[in-house]
Every structure is written in structure tokens, then in C-alpha cells.
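Novice: Sequence below, structure please.
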Amino acid sequence: MTPSVATVEPGRTALLVMDFQAFIVERLDEQESGALVRRVADAIATVRAAGGTVGYVRVGFTPEEVAAVPARNKVFTGYAAAGGLPAEGPGSAVVGELAPRDGDIVVRKTRVGAFSTTDLHEQLSRRDIDTLVLAGISTSGVVLSTIRDASDRDYRLLVLSDGCADPSARAHEVLMEDVFPRQADVVGVAELPYVLGTAK
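Specialist: From the prediction side, this is the model:
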């Protein structure tokens with residue numbers, strides 16, 4: 001396979017695994033979610049083998065954070081009314097097949113994007129990361145928000161077309177084909193070894 005984009009430096013690259021939490025993954029079709037998790041597990045293994053960084057972004061609220069969500073926030077007021085998305089517990093944990101290891105970056109957010117309510121940028125900067133590979137649920141939520149913010153922070157961006165999912169197949173397709181290429185390179189999980197320069 002010939003890579004569709006220029007290779008990156010693995011030591012300055014981080015794969016961000018975003019919102020792959022039990023209560024989010026279980027909303028997808030069971031067959032679809034199983035295949036998605038397996039592909040992202042392959043991506044994680046590829047990045048680790050290349051010497052890259054793996055980072056995890058998950059959403060969750062403490063009771064105090066739920067209470068502080070203003071009524072004007074259309075995204076999170078529904079969750080707040082239902083008791084919120086708990087910061088801890090089995091449902092909010094990263095699914096077992098993708099679980100973080102010691103030394104990985106792990107942040108908890110209280111809004112859609114990966115950066116605005118976390119110290120993710122600071123942690124990446126300390127590791128001299130300038131390239132991000134994105135996988136997440138959902139394409140129109142955390143992935144879109146993170147691409148916009150990360151681009152403004154001058155990261156080089158790659159998004160895994162088959163490492164993301166969205167409740168709307170149409171939204172996923174439009175974003176991958178028409179929107180994301182303006183700010184990111186869209187690649188498949190199978191292309192990662194070539195992009196990282198580790199394919200044999």
C-alpha cells in the first residue's frame with residue numbers, strides 16, 4: 001500500500017482515542033461497535049509499536065460540575081437534567097479493549113471538544129507533540145470540535161475515517177469527504193504503518 005499522505009515523525013505524534021466509553025459505545029449498533037473498537041485497538045498497537053504517544057479523552061461530570069451547567073447550554077442541559085454523565089464508574093470508563101496504560105495521557109472533559117476544559121494541550125506540548133491522529137465517537141461531536149480547536153493550535157492533523165463513528169451516517173460521510181480535508185488528512189487505520197514509516 002502506498003500512503004496517501006506524507007509520513008510523520010512517530011516520536012512527535014499522538015493518537016487521541018476520544019469518548020470510547022462504555023455508555024457511548026453501547027449506543028452504536030453492536031456489530032458496528034465491535035468492528036470499530038477492533039480497528040481502534042489496531043491503531044493503538046500500531047502507534048505504540050512506532051514509539052508514538054497514545055492519549056485518551058473521556059467525558060464525565062462531578063455532581064458540582066453538573067449543577068454548574070447553565071440552562072443555555074443546549075448540548076449538556078439534557079444530560080444534567082437526567083443526572084449527568086458521571087465522572088467515574090463502569091459506564092464512564094474507556095472500554096476494556098482500549099484501556100489506557102501507564103504513561104499514556106488521560107484527560108477528562110466537561111464539554112464536547114478535547115481541549116477547552118482540559119490540560120491536553122499542555123501535556124502534549126511537554127512531550128513535544130506536533131501531530132495528532134484522531135479517533136472518536138462521534139464524528140460530528142468530539143472529532144469535529146477537536147479538529148477545529150487543534151487546527152487553530154497549529155497541530156498537524158490526521159483523522160481515521162474508519163476509527164470514528166456517528167449516529168448519522170450522512171453526517172459522518174459529509175464531514176470525512178467535504179469538511180475535514182480542509183484542516184486534516186483523512187486516512188484509514190490500515191494506512192497508519194505507512195504514515196508512521198513503519199510498514200514492512
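Novice: okay, and the helix or strand of this structure with the least pLDDT?
Specialist: The least trusted helix or strand in the chain, going by mean pLDDT, DSSP states H and E, turns out to be helix 77-81, with a mean of 71.
Novice: quick one: strands adjacent to whichever helix or strand comes after that helix?
Specialist: Going down the chain from helix 77-81, the next helix or strand is strand 105-109, by DSSP states H and E. Sheet pairing of strand 105-109 (DSSP bridges) gives strand 53-59 (parallel).
Novice: avg pLDDT for the strand it pairs with?
Specialist: Averaged over strand 53-59, pLDDT sits at 97.
Novice: Residues touching it, excluding its own?
Specialist: Residues outside strand 53-59 that contact it (Cβ atoms under 8 Å, 6 or more residues apart in numbering) are 13-21, 24, 44, 47-48, 85, 92-94, 98, 100-101, 104-110, 114, 118, 120, 123-124, 127, 129, 136, 142, 146. The way it works is simple: take the backbone N, C-alpha and C, and place the C-beta from them, glycine included.
Novice: Name the residues of the helix or strand following it that come out as buried.
Specialist: Proceeding N to C from strand 53-59, the next assigned helix or strand is helix 63-67, under DSSP H and E. Neighbour counts over helix 63-67 (16 or more other Cβ atoms under 10 Å) mark 65, 66 as buried.
Novice: From the chain's centroid, how far away is the helix ranked longest in the chain?
Specialist: For the chain, the helix reaching the highest residue count under DSSP state H is reported as helix 30-50. Relative to its parent chain, helix 30-50 has a centroid offset of 12 Å by Cα atoms, centre = their mean, to the nearest Å.
Novice: averaged over its residues, what pLDDT does that helix have?
Specialist: Taken as a whole, helix 30-50 has a mean pLDDT of 94.
Novice: same check, this time on stretch 139-147
Specialist: According to the model, stretch 139-147 has a mean pLDDT of 97.
Novice: Can you give the contact residues for it?
Specialist: 16, 18-19, 57, 59, 112-115, 134, 136, 157, 159, 164-166, 168, 171-172, 175-176, 179-180, 183-184.
Novice: and that stretch, how far apart are its ends?
Specialist: From its first residue to its last, stretch 139-147 covers 10 Å (Cα to Cα, to the nearest Å).
Novice: contacting residues around residue 108?
Specialist: By Cβ under 8 Å, 6+ apart, the contact set of residue 108 is 58, 59, 60, 87, 118.
Novice: Return the closest of those with respect to residue 78.
Specialist: Closest approach between those and residue 78, by Cβ to Cβ: residue 59, at 13.6 Å.
Novice: Now do that closest one: how many residues are near it, please.
Specialist: Look at residue 59: counted by other Cβ atoms under 10 Å, it has 23 neighbours.
Novice: next one: residue 104
Specialist: 17.
Novice: ok now do it, which residues does it touch?
Specialist: By Cβ under 8 Å, 6+ apart, the neighbours of residue 104 are 53, 54, 55, 56.
Novice: So for it, what pLDDT did the model give?
Specialist: So residue 104 comes in at 98 (pLDDT).
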